[in-house]
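*Asks:* after the sequence you'll find the predicted model.
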Amino acid sequence: MSHGNMNLTLKIWRQNSGKEPGQLVTYPVKDISPDMSFLEMFDVLNEQLVSKNENPIVFDHDCREGICGMCSMVINGRAHGPKTGITTCQLHMRSFKDGDTIVVEPWRAQAFPVIKDLTVDRSAFERIQAKGGFVSVNTGTAQDANCLPIPKDDADASFNAAACIGCGACVATCKNASAMLFVAAKVSQFALLPQGRVEATARVKNMVAQMDAEGFGSCTNTGACEVECPKGISLENIARMNREFLVANCKD
Amino acid sequence: MSKLDSKIPDGSLEQKWTKYKSSVALVNPSNKRNLEIIVVGSGLAGSSAAASLAELGYKVKVFCYQDSARRAHSIAAQGGINAAKNYQNDGDSVYRLFYDTVKGGDYRAREANVYRLAEVSNSIIDQCVAQGVPLAREYGGMLSNRSFGGTQVQRTFYAAGQTGQQLLLGAYSALNRQIGLGTVDMFPRHEMLEVVKIDDKARGIIARDMVTGKLERHFGHAVLLCTGGYGNVFYLSTNAMGCNATAAWKAHKKGAFFGNPCFTQIHPTCIPVSGDHQSKLTLMSESLRNDGRIWVPKKQGDTRKGNEIPEEERDYYLERRYPAFGNLVPRDVASRAAKERCDEGYGVGASKMAVFLDFKAAIERFGKTQAKKLSIENPTPQQLKEFGKQVVEEKYGNLFAMYEQITGENPYEVPMRIYPAVHYTMGGLWVDYNLMTTVQGLYCLGEANFSDHGANRLGASALMQGLADGYFVIPYTIGAYLSKEIAVKPIPTSHEAFDAAEKEVQTRIDKLFAIKGGKSVDHFHKRLGKIMWDKCGMARNEKGLKEAILEIRQLRDEFWKDVRVTGKANEMNPELEKACRVADFLELGELMCMDALNRSESCGGHFRVESQTEEGEAKRDDDKFTYVSVWENKGNNEWDLHKEDLMFDVVHPSQRSYK
């Protein structure tokens, strides 16, 4: 099974379940092609493990084109690896050198407990969304779409916030394991649109309350989340959410 | 034939859906509270159906194999969603959208279904905008449109290159609202492995909790499969790694007939395969064909780089062959044309299995317009290029970045290399006008059903169909069935039918572990994919299909003797998940080849080498094949073929021409 000519040493976090302790395990991989994606390199390693009757490494992945938000690896200490603006599945081996040692760990946050190996439980994000990440409009009640003109700049800013893929890299990167960027992106998407203004007060309060209840840390404005976000979600969204939150609480 | 009743309402085409809606039986709100509905899959069809049904008052359970409903593969759709709004004042109408879709599908879809799809398309846009989906807008604040293949109007709504993501997040938000209200129970990381039938009606599912490995029983008065397509039977496709046919296939083996399994869409603009390590293929949105030009060198075996080949030595073969539609011919036509050029030795890149998609002309054109907008007199060529690049970046920036990430080449500077790849399956479970399969109470929505796209789907129509089925069709049509079920109390999952179904699943899993063979699941999947791509791919012939059927049978036998599934059943185990899926693909692949063998005409994405015009275009045989192939599973990998004759009362099938 010859692919290319890179030989690497991988140190990968193995943990059988959330109840058991985990550890870094060293695996050599050979003949890796620079055109392979990082996850394809994992496929090669897993095939080797299967051939030796060992359990392959469990990791989350699905679309492998950077949009589903499922993949989640901390590579050499950085969420989604050494490059910016991409997810783990978009990282290619040409970003590494022959002979490199690569350390791969799961997202680490109290609110994201490890399920197995590199797979974590991100259901806390779901519970936050269910508290307000929507406009309350039943199917069939909408008016004609163009009855509500929206300035392009607002629509674009809303779109930029809505580009969040919910991967959790922001949390994994933050030294406080704060989910502010994730929550702020959703709050901002709606806060910037007239459709979202109607419920803006309740939305920000409920989502922030759930975020706190899930055990995410506080934001101390280090901006690490913005740096590692594969979709370039801006820190401005956090500022906007703080404004929204302040105004919402002043209304009480 | 008696088993197939498409239940198409009487009346003129324009009146069918309107009349149906005003006459279909209703379920009163107090009864809705007592009716439980299972939705499998959380993509556009599943999320929109679940949210809409919960809003109506039904009790809904949603299952998905990912860790969140938001990750369903609808998220990856790039280009856009069609609707007959006619906001551009360019002559669009419900009829024209209907007509384009029927023609695009090469006259192998049901008129009544397609007309309904076109009718509800406008409501989808309204609904999404009301939900806060940030669709692209013009400076005046109105929604923007672009063109897509197979049409001559601008009717495609979009959100940069992430339309699927934004529409899915819209449906996901509606779903989250219902989860918050307690009307939907969400089961992420759950995979459906069996349908439970009681007295010939679907009454529930067996699902595996993918974290603990535990098999669970869930009751429903009705079951909706919204589980997407089966393109991963080819191993390499643009589908997500986890996309599978298992839910649909289990339903098929429990009595749901399968419609047109061989109708597969090969998308013309994908990033070419780079080596044998390839795990999936990445699509570059069809919207790129709006502004990009497709070409190959005029000289065979030309090894020069794209930029080194002068204009007069380039063959813009789509513009040459199809002057009326040019680079915007439908997908099947564009894919075959690319294959034809590469097979003839004009391919480019290291593998020679690629053609160029070039934005040089577009960058120049946009540059000039932009300079005028900025009132810059006599701009330098460098300025023009920069302006042009800025416009391209705004329109397609994320796609260009993705291309560069994967190939290591900068598409602003050198032409992209593209090649067709498996993308979508028009075939799927056969459903009637109500979206019900041949199993009572078992519905199928979105890509998983066969219904609306005939033999070829037009770009930006998948998002339209998924959301049409979920938001605007099933909330009405399910009443026709559930209104008769209001007296049925929830059946305890201790019922013997649940026992039997769970045992079936457990036995299958035990059997997979017991093989302890020597080859991995992926090994078999890759070999199946190669057979399918070589012999049931872009061009098919009788000899190849017959060989493929035998090869798949042998491979299946080998799989059940020699596959190795590591780990245990009662833990998170992706190898087991893959094994269950590949076992089903190994059966479905055979049926696809049988269907392709039976349909000796060419139509849409199904190209039988034996049936082509002198110019090499697909040649239909309407006298013999104006029907939906509907396959009934008889067990032991044997099938009976039923035919649903297609009636064209309004559109008259003609040889498709895009010249």
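*Replies:* It's in.

*Asks:* what bridges to residue A:8?
*Replies:* Under DSSP bridges, the beta-bridge partners of residue A:8 are residue A:29.

*Asks:* measure it to residue A:73 for me?
*Replies:* Distance of residue A:8 to residue A:73, given as C-beta to C-beta, to the nearest Å: 15 Å. Where C-beta positions appear, they are placed from N, C-alpha and C, glycine not excepted.

*Asks:* who has more neighbours, those two?
*Replies:* It is residue A:73, of residue A:8 and residue A:73, that has more neighbours when counted by other C-beta atoms under 10 Å in any protein chain shown, with 28 against 19.

*Asks:* what sits against the spatially closest residue to that one that is not a sequence neighbour?
*Replies:* In space, residue A:73 comes closest to residue A:88 once its chain neighbours are excluded; the distance is 4.6 Å by C-beta to C-beta, 6 or more residues apart in numbering or on different chains. If a contact means C-beta atoms under 8 Å, 6 or more residues apart in numbering or on different chains, then residue A:88 has A:38-39, A:61, A:71-73, A:75, A:80-81 as its contacts.

*Asks:* take those and keep only those in helices.
*Replies:* Under the assignment DSSP state H, these contribute A:38-39 to helices.

*Asks:* and the contacts of residue A:88 as CSV, adding pLDDT and distance to residue B:488?
*Replies:* Listed next are the contacts of residue A:88 as CSV, based on pLDDT from 0 to 100; distance: C-beta to C-beta, whole Å:
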residue, pLDDT, distance to residue B:488
A:38, 98, 51
A:39, 98, 46
A:61, 98, 41
A:71, 98, 43
A:72, 97, 43
A:73, 98, 48
A:75, 98, 53
A:80, 98, 49
A:81, 98, 53
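
*Asks:* next step: the contacts of residue A:88 restricted to strands.
*Replies:* residue A:75 (DSSP state E).

*Asks:* which one of the contacts of residue A:88 is nearest chain B?
*Replies:* Of all those, chain B sits closest to residue A:61, with 6.1 Å by C-beta to the nearest C-beta.

*Asks:* and the closest one, what is it in contact with?
*Replies:* Contact partners of residue A:61, counting by C-beta under 8 Å, 6+ apart, are A:39, A:70-71, A:88-89, B:241.

*Asks:* phi, psi for it please.
*Replies:* With angles defined as degrees, to the nearest 10, residue A:61 sits at phi -170, psi 150.

*Asks:* residue A:17 too?
*Replies:* phi -160, psi 170.

*Asks:* quick one: contacts for residue B:94?
*Replies:* Shown in contact with residue B:94 (C-beta under 8 Å, 6+ apart): B:84, B:115, B:118-119, B:121-122.

*Asks:* quick check: which element contains residue B:60?
*Replies:* Taking DSSP states H and E as the criterion, residue B:60 maps to strand B:59-63.

*Asks:* do the same with residue A:184
*Replies:* When secondary structure is defined by DSSP H and E, residue A:184 falls within helix A:180-191.

*Asks:* how is chain A partitioned into domains?
*Replies:* What the record gives for chain A is the domain set A:6-116, A:123-250, from automatic domain parsing.

*Asks:* let's have these in TSV, adding distance to residue B:520.
*Replies:* Formatted as TSV, these follow (distance: least, C-beta to C-beta, whole Å):
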stretch	distance to residue B:520
domain A:6-116	5
domain A:123-250	28
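
*Asks:* skip the chain neighbours and tell me the closest residue to residue 65.
*Replies:* Here I'm looking at chain A. With sequence-adjacent residues excluded and distances taken as C-beta to C-beta, 6+ apart, residue A:65 is closest to residue B:282, at 4.9 Å.

*Asks:* not quite, I wanted chain B
*Replies:* Spatial nearest neighbour of residue B:65, excluding adjacent residues (C-beta to C-beta, 6+ apart): residue B:191 at 4.7 Å.

*Asks:* what do you get for residue B:513?
*Replies:* Computed as C-beta to C-beta, 6+ apart, the closest residue to residue B:513 that is not its neighbour in sequence is residue B:565, at 5.5 Å.

*Asks:* ok, residue B:467 touching residue B:45?
*Replies:* Yes - counting by C-beta atoms under 8 Å, residue B:467 does reach residue B:45; the two are 7.4 Å apart.

*Asks:* tell me which element the residue in chain A that chain B sits nearest to is part of?
*Replies:* Per C-beta to the nearest C-beta, residue A:149 is where chain A lies closest to chain B, at 3.1 Å. Under the criterion DSSP H and E, no helix or strand holds residue A:149.

*Asks:* before we move on, what about residue B:555?
*Replies:* Residue B:555 belongs to helix B:542-562 when assigned by DSSP H and E.

*Asks:* for that helix, packing partners?
*Replies:* helix B:496-515, helix B:521-535, helix B:574-598 (3 or more C-beta pairs under 8 Å, 6 or more residues apart in numbering or on different chains; DSSP states H and E).

*Asks:* which residues are contacting that helix?
*Replies:* For helix B:542-562, using C-beta under 8 Å, 6+ apart, the contacting residues are B:511, B:515, B:517-519, B:524, B:527-528, B:531-532, B:534-536, B:582-583, B:586-587, B:589-590, B:593-594, B:596-597, B:600, B:608, B:610, B:637.

*Asks:* buried subset of these as a PyMOL selection?
*Replies:* Selection command for PyMOL covering only the buried members of the contacts of helix B:542-562, criterion 16 or more other C-beta atoms under 10 Å in any protein chain shown:
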select buried, chain B and resi 515+517+519+524+527+528+531+532+535+536+582+583+586+587+589+590+593+594+596+597+600+608
